[in-house]
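S.K.: here is my input; please provide its structure:
(chains A and B, ligands or ions: 5)
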Amino acid sequence: MAYLVRNDIVQYACTCGQLRPISFLYFCRHCLKLRCGFCVCHEVESHYCSNCLEILPSAEARLKKNRCQACFDCPNCLNTLAVRGTTVSVRDPDDPGKVNSQKKYYHACFFCRWTTRDVGLPDQAVQTVSANGWAQKNTSNVQRITVLLEHAKLLGMLERHEREQREKKFTARFRRNFTHLPGLTAAHVRKRAGLPPELPAPSTIKVNLAEFQPAVAKETVPELPTDIFTKELDIGTVTTLTQRFAQPETQPDSIEGLLPSYKHLSTKQSQRCRECEHNVSKPELNPASIKFKIQQAAYFYVPEVRIVTLEPLIGGKPSEVVIVFINPSQHPTTLSFITLQEAEEEIKQHQTEGTTDTAVQQGEAPLSLSSLTKPVTVVEEPRPIDISMTGEVQLPAADVEIVLPPKDDAAEYDDSGEIQQFHDDPKIVIHRRANKASLRFTVVPKTDIAGENCVIGFAFRYTYVNRISTPAIATSEQKPQKVQLCTRIFMNCGKILEGTQ
Amino acid sequence: MIKTYYESGMGLSTERQAVVFDFGDCYTKVGFAGEAGPRSIVPSEVRCPKDGRTRKVFDAVKADEQYNLLVEFIHNLYFRHLLVSPKDRRVVVVESVLCPTSIREMLAKVFFMHFEISSLLFVPSHVVALSTLGVNTALVVDMGATETIVIPVYEGVAVLHAWQAQPLAAKAVERQISDMLQEREKSNQSEGYANLTEKMIEDIKVRACFVTTLGRTQKAREDKPCPCPPSVNYLVGPGSNMLNISGDIRENAFNILFEQDADQISVSTMMLDAITKCPIDMRKPLAENILLIGGTSMAVGMKARIKEELSYLAASAQYSEKLKLRTFKFHSPPAKENYTAWLGGAIYGATDIVSTRSLSKEAYLKDKKVPDWVSLIYNTLNEGVKRSI
Ligand SMILES: Nc1ncnc2c1ncn2[C@@H]1O[C@H](COP(=O)(O)OP(=O)(O)O)[C@@H](O)[C@H]1O
Ligand SMILES: [Zn+2]
Ligand SMILES: [Zn+2]
Ligand SMILES: [Zn+2]
Ligand SMILES: [Zn+2]
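M.R.: Ligands and ions are numbered 1, 2, ... in the order given. Predicted structure coming up:
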């Protein structure tokens, strides 16, 4: 049974061609298409610390280099450090005979037992460490790098001067193109053209450049420690690469150089449909909340498919598979079945229809106003589905329609079994209950591949009630639109057995 | 309308720092332009969601597979390490001269088509590494994971016909350790050598091995070996047995980079050969401006050994006629060797170069190709400056 609910058994083909279980898919209510983690646009929504659940505004997170200022990671095993309190006795400075006890705090790791005392960091008098004493800074490097940065920026400006001289003709032309537009200043034009702001004069740049001191190479290099040939080495005192890389700017090779690092923040992310730019998922800001403001998960909208029972699969022999279809929506839906080829043709047709209005605006001059106001949307080409079928499935005729009633939360607890009339073909529909229907399919596994998994694929159409009114429809009729959608399903029905003749 | 568009920073990301990537065969360095160090150094691998195994990002065979691995890997870099949205942000990629065009095209496709970045700039690692020094001339020696590459850069221009590349780097050393352990396994069955993974071999290399002196190696070659350094006990995984790493392995594994066997090529001859291939007036400045980068040059004793080798070889019959060089000088940039090239990219990425030289999203979408000028290999910053001064 556990096998049947495993999430790689029934997979849906996403619009982009990836195969995913339904729980991993989104359904864009605006495009009426399936989307997956691969084909949506991910965005960082908020930064928070996973230890203290403090939320940091993006600007602050950037300033703090994505680190929580109150929590620390163990430099030894990279888990979170905990604060420990101890009482230490201090001799009273005024009265040498008296001993005062004082509360002191240090950080310790519960996983590997590393403590800040191991590397000689003094205990702190307050619980919330400001840690400025610990900060692992390579200040001399930072100063030098600031100088180098300035130097490189000046060189860059000089180069741009040159370039602009060379391209003067061209520049003059497009400036004229722009300046006829009302309310545009030169600075505006530069911005529009994607150019950085005006430069200082080359002479000033050269004066500044002259002050720079390039690095000087030396004949001396770090020598091999002379005692390395005689001293016993305890490998436990040498840091691993993981430990070194946790402090990229110092990369100490001895554990004595390890310092606690501010805890790296985590993010909440939102997902956006790349075609229509609407969110398909947006979490609540509060780090402690696991709820969503927007969550267009496919399992709220698209009928769910599960295998109920399977007969033993034998190469070349038809066997019966019972599959249940569940309508998750608040509206009844009508199912009908088609082959993968038919579904693909339908999808292709949709695409060619769609491209006329969602076509990417290309080929125009990059500076034209339209491309500035309306950012180009980039959508990756859908890919062919990467799976090979090892069985045939016999579908009910295309005109057989199965109606699934809407999901009714109350009915879950209602055992009265109010029977609705559906005029089903008992050969196909073997069981019904609320918004579910179990259907009988016949699968014929391929021959000569005993031991392999039997993978089948088919597609089904379902009706979906679109309650989002597009502007065009809103004017004509306000009523929800009933549309027919199609989705492709791939199932792994388990191992094919050896035929017994 | 137009105003909000600008305020949101699209197409005009000078205020937003560009993201700088240095994709290595083994380790990728990633961070923001204008910063003093990378935010993260991470193994260039992803965990396959299906079977839970880790896969090297640059080992894929099929293009589709490569694309997926890169998407997964770069997604993690943005959302676990950089914590910024990739969309509409500039990207600078530090690339090696030997980076195949196919990888470059693939990266461009992933960045533009999948992550919708606003612009992309490729900068050659050896040239940008010089901006961590502020000099224009140096012999850049990049000792990475799979290869050591030597490129002379003179007055900002790479002397491309003189470059040298050999698989004498981290992987060669690790293979040597593995071979030496295997050799011992044959004579002594009971050791847990078989349980060692690639990662453990690397760990042994990093924590137990060092680069010995030329003097000791020469003595050993003359069959008068010095006493070995003490051996080290290495714990193979929790609960497993101790593996004894002999002093011989600790001392001599790195020698594979300096052996001049059949083909007469070692890291030091590569450097001298690169200098020899340059015009005479460039040689002294190059020899006196050596820049060692890449993680392999961080091994204990590596720089001392290289210096010793260079002085010895330059005076030997092999080179003394061709090269009249006696002094070799080494630079120490304000960065660790394994991210020096990244820092160079971060410095470049903070200049106007990113706005003037990058390939824009619009331009990429037009042809879906990376034009040659996008890489600064043939076309460097300093070149322009030289002309203008
Ligand atoms: N801090 C370090 N100390 C010692 N060895 C290192 C260090 N960092 C990297 N290495 C070693 O150097 C090798 C090359 O590193 P790197 O230059 O980052 O590789 P890549 O070619 O992938 O960029 C790695 O295999 C690693 O074992
Ligand atoms: Zn998708
Ligand atoms: Zn915190
Ligand atoms: Zn720890
Ligand atoms: Zn959409």
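S.K.: show me what counts as buried in stretch A:205-225.
M.R.: By neighbour count on 16 or more other CB atoms under 10 Å in any protein chain shown, the buried set for stretch A:205-225 is A:205, A:209, A:215, A:217, A:221, A:224. Quick note: C-beta positions are derived from backbone N, CA and C, even for glycine.
S.K.: ends of it, how far apart?
M.R.: 46 Å (CA to CA, to the nearest Å).
S.K.: where does chain A dip in pLDDT?
M.R.: A:1-5, A:127-139, A:168-198, A:352-376, A:411-420, A:469-479, A:499-501 (pLDDT under 70).
S.K.: tell me who's in contact with B:A274.
M.R.: B:139, B:150-152, B:162-164, B:286 (CB atoms under 8 Å, 6 or more residues apart in numbering or on different chains).
S.K.: from the buried residues of stretch A:205-225, pick the one nearest ligand 3.
M.R.: Using CB to the ion, A:A215 comes nearest to ligand 3 of the buried residues of stretch A:205-225, at 38.9 Å.
S.K.: what sits closest to the closest one if chain neighbours are left out?
M.R.: B:L133 (3.9 Å; CB to CB, 6 or more residues apart in numbering or on different chains).
S.K.: read off the pLDDT value for the one you found.
M.R.: pLDDT for B:L133: 95.
S.K.: in three-state terms, label the residue of the stretch 251-389 of chain B found nearest chain A for me.
M.R.: Of all residues in the stretch 251-389 of chain B, B:T351 sits closest to chain A, at 3.2 Å by CB to the nearest CB. Three-state call for B:T351 (DSSP: H, G, I helix; E, B strand; the rest coil): coil.
S.K.: report how many residues lie close to it.
M.R.: Applying other CB atoms under 10 Å in any protein chain shown, we find 26 residues neighbouring B:T351.
S.K.: for the one 5 residues further on, same thing?
M.R.: Here the count is done by other CB under 10 Å, and B:T356 has 16 residues near it.
S.K.: also B:A317?
M.R.: Neighbours of B:A317 (other CB under 10 Å): 7.
S.K.: now swap in A:C16 and tell me
M.R.: 19.
S.K.: which phi and psi values does it adopt?
M.R.: phi -90, psi 0 (degrees, to the nearest 10).
S.K.: and chain A, which residues reach ligand 4?
M.R.: Contact residues, chain A versus ligand 4 (CB under 5 Å from the ion): A:74, A:76-77, A:109, A:111-112, A:114.
S.K.: residue contacts, the residue nearest to A:A215?
M.R.: Contacts of B:L133 (CB under 8 Å, 6+ apart): A:148, A:214-215, B:291, B:331, B:333.
S.K.: sorry, back to before: out of the buried residues of stretch A:205-225, which comes closest to ligand 5?
M.R.: Taking those together and measuring to ligand 5 by CB to the ion, the closest member is A:I205, at 48.4 Å.
S.K.: so what's the closest one up against?
M.R.: A:154, A:157-158, A:161, A:199.
S.K.: can you pull out the helices in the stretch 251-400 of chain A?
M.R.: Listed in chain order, the helices of the stretch 251-400 of chain A (DSSP state H, counting those that start in this stretch) span A:340-358, A:369-373.
S.K.: circling back to that earlier point, show me which of the contacts of A:I205 are buried.
M.R.: Here, 16+ other CB under 10 Å leaves A:154, A:157-158, A:161 buried among those.
S.K.: which of these come close to chain B?
M.R.: A:157-158, A:161 (CB under 8 Å from any CB of the partner chain).
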